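1. Predicted model, plus sequence, below.
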Amino acid sequence: MNEFLEVFQSRQGIFLEKIWEHLQISMISLVLATLISVPLGLYLTRKQKVAEPIIGAAAVLQTIPSLAVLAFLIPFFGIGQTPAIIALTAYGLLPILRNTYIGIKEVNPALKEAATGMGMNSFRRLARVELPLAMPVIMAGIRTSMVLIVGTTTIAALIGAGGLGDLILLGLDRGGDVNLIVLGAVPAALLAILLDLILRLFERTSAKAGFRSLVILLSAFALIAAGPLAFGGDVRKDITIGAKLGSEPSILINMYKLLIEEETDLSVGLEPNLGKTEMVFSALQSGSIDIYPEFTGTAIVSLLSQEAESNDSREVYEQAKKGMSNEYQMAFLEPMKFNNTYTVATTKETAEQYGLETIGDLKAVEDQITAGFTLEFNDRYDGYQGMKEVYGLDLGEVETMDPGLRQGAIENGEVDVIDAYATDSYMIELDLTTLEDPENLFPPYQGAPLLREETLEKYPELKEVLNQLGGLITEDEMRQMNYQVDYEDRNPEEVAREFLTEQGLLEE
């Protein structure tokens, strides 16, 4: 408990900011879902032939995985709150649409006939009789939609939309830090409960207040959502730098920012923790971000769908640089010194027990070994698929998991081997043994700034500024910096500034 309170106190400012972001995104999405679904539901009660297909289409939208929807929207709307709000609005349509339709349809037919007999046309009958009677059912649909939206908003953090999901992602990246995960997850649940109580009060009075209760509710939510806009919102930066999940990308983008703002007049914004390779690269292509640190091996294997033509780091860089320019009109600047290649790691106890020194040694005990691999590693040729072909492995049990959970799994004995990166901080913390790769399956992975060529043409000074990092940062230095962020809870910007100052690239 004391540890949780320390985490809360150290992050109190950002915690309040994330709650407000979460509330804002949720309210905008709920208001939009209501404004779309209620009129559409009312219309469908008068056009019953198309009612079932349209309601069915809304149901299909809700079955699509939220992460897939977000990834699909990035090329069209970029990263940030816009695609998140569109996706959440789509997820919130069905409960409101269905309840609106059912609520109107279940109004007593005798009351409808009586209203018609009094000379009311269809619109007046709807406004004065059907809608007031159906309001409790409609409000119940809005409550259901609200709970769904507030819960799903946490995943919007993967595309830089903010909210309490940022704290959950940070906790996962820190090896499953329970305190950070709780700090993000519990307030999200409490927020859903609080809003549900508010909506329940409106639901109880909606039969008497009728449509006015819905107007008042939507107006209040709209004011909450629009609050930050009244103060001008964020100012667009000249350059936006993005990053994948993890301490290492966060440190590197802070280095980029510090150098650019030190040596140019450009303003720089950061978008850390944007998810996996494909999502961040899509954001770069769409122009949502202008730069992000990418690895040469990843560019060749994942983005160019090629194999490394050499194991020489410089030749791999040149292959990646040429390929990214030809296929995507992307510029790869000079790489740093460290090689953050994939490695297969295990505990010293497991290595001694089974006599493991190389990846090939796993063949003799493949039926006794449980592997914990990330989804990305499990699916890549320069990963488990290549291990199966090059080393003839067919491990008896492979558990796929989030990158941040691997160290906890191997520390707790749930798995015997994991995929890791050479500079991962938990390699120090857990004193893991890496298995040699004598067949050179894993190509060199040197980090370098990747940006669109048009960005470099617009800001040519970026090349000289960022190339100062070329050839700097050894594997041990990067590992130690990652350790400071992950296990000593230092700020990535502070760690980045300290390194650049020591290198003489920033003034003290």
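-> Received the coordinates, thanks. Numbers count the residues shown, from 1 in each chain.
2. contacts and neighbour counts: CA atoms only from here.
-> Noted.
3. The helix ranked longest in the chain: how far from the chain's middle?
-> Longest helix of the chain, by residue count under DSSP state H: helix 12-46. Computed by CA atoms, centre = their mean, to the nearest Å, the separation of helix 12-46 from the middle of its chain amounts to 20 Å.
4. what's the following helix or strand after it?
-> The C-terminal neighbour of helix 12-46 among helices and strands, as given by DSSP states H and E, is helix 51-63.
5. Not counting the helix or strand just after that following helix itself, show me its contacts.
-> The first helix or strand that comes after helix 51-63 along the chain, using DSSP H and E, is helix 66-77. For helix 66-77, contacts defined as CA atoms under 8 Å, 6 or more residues apart in numbering pick out 83, 84, 87, 152, 155, 156, 159, 279, 282, 283, 285, 286.
6. Of the residues you listed, which pair is most distant in space?
-> Within these, two members stand farthest from each other by CA to CA: 152 and 285, at 25.9 Å.
7. which other helices and strands contact the longest helix of the chain?
-> When contacts are defined as 3 or more CA pairs under 8 Å, 6 or more residues apart in numbering; DSSP states H and E, helix 12-46 sits against helix 81-105, helix 131-152, helix 178-209, helix 211-226.
8. Can you say which of the ones you listed is nearest to residue 114?
-> Across the helices and strands packed on helix 12-46, closest to residue 114 is helix 131-152 (CA to CA), at 14.4 Å.
9. what about dumping the CA coordinates of the closest one to PDB?
-> C-alpha atoms of helix 131-152 as PDB (Å, rounded to 0.1, in the frame of the first residue of the first chain):
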ATOM      1  CA  LEU A 131     -40.700   9.300 -27.100                       C
ATOM      2  CA  PRO A 132     -41.500  10.200 -23.500                       C
ATOM      3  CA  LEU A 133     -42.700   6.700 -22.800                       C
ATOM      4  CA  ALA A 134     -39.600   5.200 -24.500                       C
ATOM      5  CA  MET A 135     -37.100   7.400 -22.700                       C
ATOM      6  CA  PRO A 136     -36.200   5.000 -19.900                       C
ATOM      7  CA  VAL A 137     -35.400   2.300 -22.400                       C
ATOM      8  CA  ILE A 138     -33.300   4.800 -24.500                       C
ATOM      9  CA  MET A 139     -31.500   6.000 -21.400                       C
ATOM     10  CA  ALA A 140     -30.700   2.400 -20.500                       C
ATOM     11  CA  GLY A 141     -29.100   2.000 -23.900                       C
ATOM     12  CA  ILE A 142     -27.000   5.200 -23.300                       C
ATOM     13  CA  ARG A 143     -25.900   3.800 -20.000                       C
ATOM     14  CA  THR A 144     -24.700   0.600 -21.600                       C
ATOM     15  CA  SER A 145     -22.900   2.500 -24.300                       C
ATOM     16  CA  MET A 146     -21.200   4.700 -21.800                       C
ATOM     17  CA  VAL A 147     -19.800   1.800 -19.800                       C
ATOM     18  CA  LEU A 148     -18.500   0.200 -23.100                       C
ATOM     19  CA  ILE A 149     -16.900   3.500 -24.300                       C
ATOM     20  CA  VAL A 150     -15.200   4.300 -21.000                       C
ATOM     21  CA  GLY A 151     -13.700   0.800 -20.700                       C
ATOM     22  CA  THR A 152     -12.500   0.800 -24.300                       C
END
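10. Quick check on the closest residue to residue 261 other than its chain neighbours: phi, psi?
-> Closest residue to residue 261 apart from its sequence neighbours, by CA to CA, 6 or more residues apart in numbering: residue 267 at 6.3 Å. With angles defined as degrees, to the nearest 10, residue 267 sits at phi -90, psi 140.
11. For residue 267, give me its contacts.
-> Counting by CA under 8 Å, 6+ apart, residue 267 has contacts 237, 238, 239, 261.
12. can you count the residues close to residue 384?
-> Residue 384 has 24 neighbours, counted by other CA atoms under 10 Å.
13. Phi and psi next, for it.
-> phi -70, psi -30.
14. Just give me the residue right at the centre of the chain.
-> Nearest to the geometric centre of the chain sits residue 158, at 1.0 Å (CA atoms, centre = their mean).
15. can you count the residues close to residue 264?
-> Residue 264 has 12 nearby residues by other CA under 10 Å.
16. Distance check, the nearest residue to it once chain neighbours are set aside against residue 294.
-> Distances taken as CA to CA, 6+ apart put residue 461 closest to residue 264, at 7.7 Å, once the chain neighbours are dropped. With distances taken as CA to CA, to the nearest Å, residue 461 is found 20 Å from residue 294.
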